[in-house]
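**Student:** Okay, predicted coordinates and the sequence, questions at the end:
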Amino acid sequence: MKQLVYLWEYLIIELCMSISKQNLTVVIVTLKSDHIIDQCIQSIDNDVSIIVVENSNNTDFKNYIEKKYRNVSCILSNNNIGMGAGNNIGIEKAKSDFVLILNPDVLLFKNTIDQLIYAGKNLQNFAIISPISDNVDFPNFTIKQKNNIDYEKIFEVDSLDGYCMLINKKRVKPILNDINFFDENFFMYLENDDLCKRIKDSNEKIFVVPLCKIKHFGAKAVSENFFEEIELSRNWHWSWSKFYFSKKYKGYYYALLEGFPKFISSIIKCFFYFVFLKKYKSKIYYNKALGYFNAMIGKKSWYRPKLD
């Protein structure tokens, strides 16, 4: 009789810890995403819990989505703290063992979550799994031997783009040594590559499920009304994040050797477009140079887009 009780308790524990819709939370970080958030949420199964982390103090946005969707809770960060920090808030808040990180400009297909769960149950030992983007020209993964991929089978990759990735919290958290899932020094760009590198360096596995697809619109998470300001911000942060990532893993002098020519090139192009009265283009390269410069002198990723 005791053996049956122990077996029952074991099965209950296994059920609670295994991947399922009840043990999964979707985390979406938003900012000025009113134009696109509805279609993103509506593409997610309505029996899956969703946490939206809004990187502002927009109470109207919070009230709107919590009233409209019973499976959604919204957390206001009160400030624009970036993608990584926003995702960390959602991951920490999620009570489930599995978290699907999702950008607001991504749509899931009807069976995306079911296919991910099925793949996760079969893999068991995964740290992260991801669907594949339906745009074959812009793959959402990095792998050294691209020519050997069998797109009929699940395959292991080196890193993933951060717009849709399912994290096994219980497998990943122990290897992070109480450090955040996402390095919050990255405001924008490469925080996903950084997480993947730490996971791979710990000999954990990251997989893509090629029969499970998503649609990523790309650069649509923030309203197009702020396109120019967002582009300035993207260029600043791409430069900063590239330098910081290289410095973190290969040292300051390697990062300087790699980044300094790009810094000089950006300055030259900034002056070139300024002379030929291409004001916005000049600003783009000015921000690129400024991002590199701030990273080189050890300043934090301080630039924030003006979205008021």
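**Tutor:** In hand now; what should we look at? These numbers come from a predicted model, not from an experiment.
**Student:** what about the strands in the chain?
**Tutor:** Secondary structure of the chain (DSSP state E): strands at 24-30, 49-54, 72-76, 98-102, 106-108, 126-133, 141-142, 155-156, 159-160, 164-168, 205-216.
**Student:** Which one, of the ones you listed, ends up nearest to residue 84?
**Tutor:** Residue 84 sits nearest to strand 24-30 of all the strands of the chain, at 8.8 Å, using C-beta to C-beta. C-betas here are computed from N, CA, C, even on glycine.
**Student:** neighbouring strands for the closest one, and are they parallel or not?
**Tutor:** Strand 24-30 has its sheet partners listed here by DSSP bridges as strand 49-54 (parallel), strand 98-102 (parallel).
**Student:** any residues touching that strand, and which ones?
**Tutor:** With contact meaning C-beta atoms under 8 Å, 6 or more residues apart in numbering, strand 24-30 is reached by 37, 40-41, 44, 48-55, 61, 83, 86-87, 90-91, 94-96, 98-104, 113, 117, 166, 221.
**Student:** mind listing what's buried in that strand?
**Tutor:** Under the neighbour-count criterion of 16 or more other C-beta atoms under 10 Å, strand 24-30 has 24-30 buried.
**Student:** ok, so of those, who is nearest residue 239?
**Tutor:** Nearest member of these to residue 239, counting by C-beta to C-beta, is residue 29, at 21.8 Å.
**Student:** if we look at the sheet, which residues does that closest one bridge to?
**Tutor:** residue 53.
**Student:** Could you tell me how far it is located from residue 145?
**Tutor:** Per C-beta to C-beta, to the nearest Å, residue 29 is found 32 Å from residue 145.
**Student:** Over to residue 41?
**Tutor:** Counting by C-beta to C-beta - residue 41 and residue 145 are separated by 37 Å.
**Student:** So which of the two has more stuff around it?
**Tutor:** A count of neighbours by other C-beta atoms under 10 Å puts residue 41 above the other of residue 41 and residue 145, at 20 against 8.
**Student:** Now the more buried one. Nearest residue, chain neighbours left out?
**Tutor:** Excluding the flanking residues, the one nearest residue 41 by C-beta to C-beta, 6 or more residues apart in numbering is residue 69, at 5.7 Å.
**Student:** was I right about that neighbour contacting residue 49?
**Tutor:** No - the pair residue 69 / residue 49 is not scored as a contact, 10.6 Å apart, by C-beta atoms under 8 Å.
**Student:** neighbours around residue 308, how many?
**Tutor:** 5.
**Student:** Next: residue 42.
**Tutor:** 12.
**Student:** Now do the contacts for it.
**Tutor:** Contacts of residue 42 (C-beta under 8 Å, 6+ apart): none.
**Student:** I'd like the distance between it and residue 220.
**Tutor:** Taking C-beta to C-beta as the measure, residue 42 and residue 220 are separated by 16 Å.
**Student:** most neighbours per residue, which of the strands paired with strand 24-30?
**Tutor:** Highest mean neighbour count of the strands paired with strand 24-30: strand 98-102, a mean of 25 (counted as mean count of other C-beta atoms under 10 Å).
**Student:** and that one, what's its mean pLDDT?
**Tutor:** Taken as a whole, strand 98-102 has a mean pLDDT of 97.
**Student:** What are the contacting residues of that strand?
**Tutor:** 19, 23-28, 40, 44, 87, 90-91, 108, 113, 116, 120, 162-169.
**Student:** Over to stretch 201-215?
**Tutor:** Looking at what lies outside stretch 201-215 - C-beta under 8 Å, 6+ apart - the contacts are 106-109, 111-112, 115-116, 119, 123, 125-135, 140-141, 151-160, 164, 171-172, 175, 196, 199-200.
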